[in-house]
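Student: Dropping a prediction and its sequence here:
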Amino acid sequence: MPVRGIGDQDAYNVLHRRQTRYDKEMVIPRDAPILTTAAMRAAEAACVEAGTSLSELMDRAGAAVADTAWRMAAGGPVLILCGPGNNGGDGYVAARLLAERGAVVRVAALAEPATDLARAARALWGGPVEALTGDTGPAPLIVDALFGVGLTRPIGGDLAAILRSFAGRRVLAVDVPSGVDGDGVHDWTPPLSADVTLALGALKPAHVLLPAAPHCGRVLLAAIGIAAERAMRSAALPLIVAPGATAHKFNRGMVLVRSGPMSGAARLTAAAALRSGAGYVVLSGADDAPFDAIIAEEAARYGKRLGDARVGAVIVGQGYPVGEGLDRDVAAALDGGKPLVLDAAAIAAALPRLRASRGAVPAILTPHEGEFTRAFPGLAGSKIDRAKAAAADAGAVLIYKGADTVIAAPDGRVVAAWPGSPWLATAGTGDVLAGACGAMLARGGDAFDAAVSAVGWHIARAQAIGPGLVADDLAADDLAKD
């Protein structure tokens, strides 16, 4: 996720140091593939067709679980909860390998194994198997190998009560915690929250989407030999790339920000565009600019400025109410043919033209939940599913904002930027993100890559600032003074 155009070396050093610190605390593997349950099964089938048996895959998964449990238990007893499917089979393999290392292991089963692979794994375990009941005593480490991504309905009744009895214990979940929908579509009853979740072969949507992601704790990825496609992936570590020796203010990207009646939002956007690397920013329709380096122009010059060949991106939507003024400014921006960043009410205003043009004008849309629902009503599925459908519908890159931000391209590419920063939940931060999108887009190149870079810059700045953040801080220069 390159964050392009930051030239100040002091700011680079401070932000890089803080990013590195935060990366050590990351709860999700970076730049890792994400597969739905159906895609994971297809990948497993392809692996088998290529010559690796399912039993070998189970052995690899169980070995990864055993290694993780060994480190987490630190010599203490381990209780492994096994379900009837292949997730339970992974648990039986892990139990056998832990016992061979000398760990004190107990196994409690929800039911008899229901697959050939699970039955074979239980036979090789060879040790005692308790029934998982309300009398099952806990252990310092609980390994949750009950369901994984195979769960198709909520956990209820006695089992839910049993799992609640393990609350407060250290829990390692195999693939996803019990009670979680692996595809991130359904919000079921509270799951058995994990301290660590070991994803097998690839991340799953539940690892990066609310409400499931916080229940997964820290997510580790076990590479068990499955070739996972990377059309969907987690966000990479943002990289700050300084301008080259031949850079100047126009080839670094010229951004035109159109101000609505509430000009404070556009001022934030313009400031962020400059701070995130644009070489030249024009603020149209505002009385003054947040920085002396930003050119504030009267509204009447908007049309002429749209014809300026040096403008690399136009941002419109901040601080606008729905109405003729917005419609007029959005239509002018679309007529200008420049790459666009559309925020807030401008998204719905531009949609008919975007659909008709089918991507002729590169565009990034930045809706939050309410704006998304108004612009794209009736979409079903997980947040990833809905973001992909909306991007394809609009023919534009879409940043579906929130704590679990999802970036989607019309061609099906997806990046999930979990976890973001909780300090971004404050007024004006979306305006700042729009400015960063404009700065990244103005340089040319792929709009999806620009959107991913902007989200990375946005989160990295927020993490560097931390508690007490207000939107203005994201465009301030305090990072260089740390």
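Tutor: Good, I have the coordinates.

Student: burial measure for A45, as a count.
Tutor: Residues contacting A45 under the criterion other Cβ atoms under 10 Å number 11. Every residue, glycine included, has its C-beta placed from N, CA and C.

Student: same question, A278
Tutor: 28.

Student: Quick check: it touching A436?
Tutor: No: at 9.2 Å, A278 does not count as touching A436 under the criterion of Cβ atoms under 8 Å.

Student: surely V311 meets R305?
Tutor: Yes: using Cβ under 8 Å, V311 makes contact with R305 at a distance of 6.8 Å.

Student: any common contacting residues for these two?
Tutor: 256, 282 (Cβ atoms under 8 Å, 6 or more residues apart in numbering).

Student: quick one: average pLDDT of the helix or strand M440 falls within?
Tutor: Following DSSP states H and E, one finds M440 within helix 429-442. Averaged over helix 429-442, pLDDT sits at 97.

Student: For that helix, which helices and strands make contact with it?
Tutor: Where contact means 3 or more Cβ pairs under 8 Å, 6 or more residues apart in numbering; DSSP states H and E, helix 429-442 is packed against strand 254-258, helix 263-275, strand 311-316, strand 340-342, helix 447-465, helix 471-474.

Student: and the angle from the first one to strand 311-316?
Tutor: Compare the direction of strand 254-258 with that of strand 311-316 by axes from the mean of the first three to the mean of the last three Cα atoms, to 10 degrees and you get 20 degrees.

Student: pLDDT of strand 254-258, averaged?
Tutor: Rounded mean pLDDT across strand 254-258 is 97.

Student: Need the pLDDT of D478.
Tutor: pLDDT, D478: 55.

Student: Using JSON lines, lay out the helices and strands packed on helix 429-442 together with mean neighbour count.
Tutor: Putting these into JSON lines (neighbours: other Cβ atoms under 10 Å) gives the following:
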{"stretch": "strand 254-258", "mean neighbour count": "30"}
{"stretch": "helix 263-275", "mean neighbour count": "28"}
{"stretch": "strand 311-316", "mean neighbour count": "28"}
{"stretch": "strand 340-342", "mean neighbour count": "31"}
{"stretch": "helix 447-465", "mean neighbour count": "25"}
{"stretch": "helix 471-474", "mean neighbour count": "21"}
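
Student: Please identify which of the ones you listed is closest to A417.
Tutor: helix 447-465 (5.1 Å; Cβ to Cβ).

Student: Run the angle between that closest one and strand 311-316 for me.
Tutor: Going by the same axes, to 10 degrees, helix 447-465 makes 70 degrees with strand 311-316.

Student: so how far is helix 447-465 off the chain centroid?
Tutor: 11 Å (Cα atoms, centre = their mean, to the nearest Å).

Student: and if you look at stretch 86-93?
Tutor: Counting by Cα atoms, centre = their mean, stretch 86-93 comes out at 29 Å from the chain centroid.

Student: And for stretch 288-306?
Tutor: On Cα atoms, centre = their mean, the centre of stretch 288-306 falls 34 Å from that of its chain.

Student: circling back to that earlier point, the helices and strands packed on helix 429-442: which one's closest to A206?
Tutor: helix 447-465 (20.4 Å).

Student: Look up phi and psi at the residue lying closest to L141 once chain neighbours are set aside.
Tutor: Counting by Cβ to Cβ, 6 or more residues apart in numbering, L141 lies nearest to A73, which is 4.4 Å off, once chain neighbours are set aside. Backbone torsions of A73, given as degrees, to the nearest 10, read phi -70, psi -30.

Student: Just the element for A392, please.
Tutor: helix 383-394.

Student: Partner strands of the helix or strand following that helix and their direction?
Tutor: The helix or strand immediately downstream of helix 383-394 is strand 397-400, counting by DSSP H and E. Its sheet considered, strand 397-400 pairs with strand 363-365 (parallel), strand 406-408 (antiparallel) by DSSP bridges.

Student: quick one: average pLDDT of the last one?
Tutor: Within the predicted structure, the mean pLDDT of strand 406-408 is 98.

Student: next helix or strand past that strand?
Tutor: With DSSP H and E, the next secondary element past strand 406-408 is strand 414-416.

Student: Likewise for the first one?
Tutor: Next in sequence after strand 363-365, counting helices and strands by DSSP H and E, comes helix 369-375.

Student: Show me what counts as buried in that next one.
Tutor: By neighbour count with 16 or more other Cβ atoms under 10 Å, helix 369-375 contains the buried residues 371-372, 375.

Student: Outside of it itself, which residues are in contact with it?
Tutor: Taking Cβ under 8 Å, 6+ apart as the rule, helix 369-375 contacts 344-345, 347-348, 351, 365, 367, 386, 390, 400-402.

Student: Return the residues in contact with L203.
Tutor: 28-29, 32-35, 219, 221, 234.

Student: could you redo the last one with a cut-off of 10 Å?
Tutor: 28-29, 32-35, 175-176, 197, 216, 219, 221, 228, 232-234, 416, 418 (Cβ atoms under 10 Å, 6 or more residues apart in numbering).

Student: Same question for Y400.
Tutor: Contacts of Y400 by Cβ under 10 Å, 6+ apart are 365-369, 371-372, 376, 383-384, 386-388, 390-391, 406-408, 414, 416.

Student: List only buried entries from these.
Tutor: Using 16+ other Cβ under 10 Å, the buried ones in these are 365-367, 371-372, 376, 383-384, 386-388, 390-391, 406-408, 414, 416.
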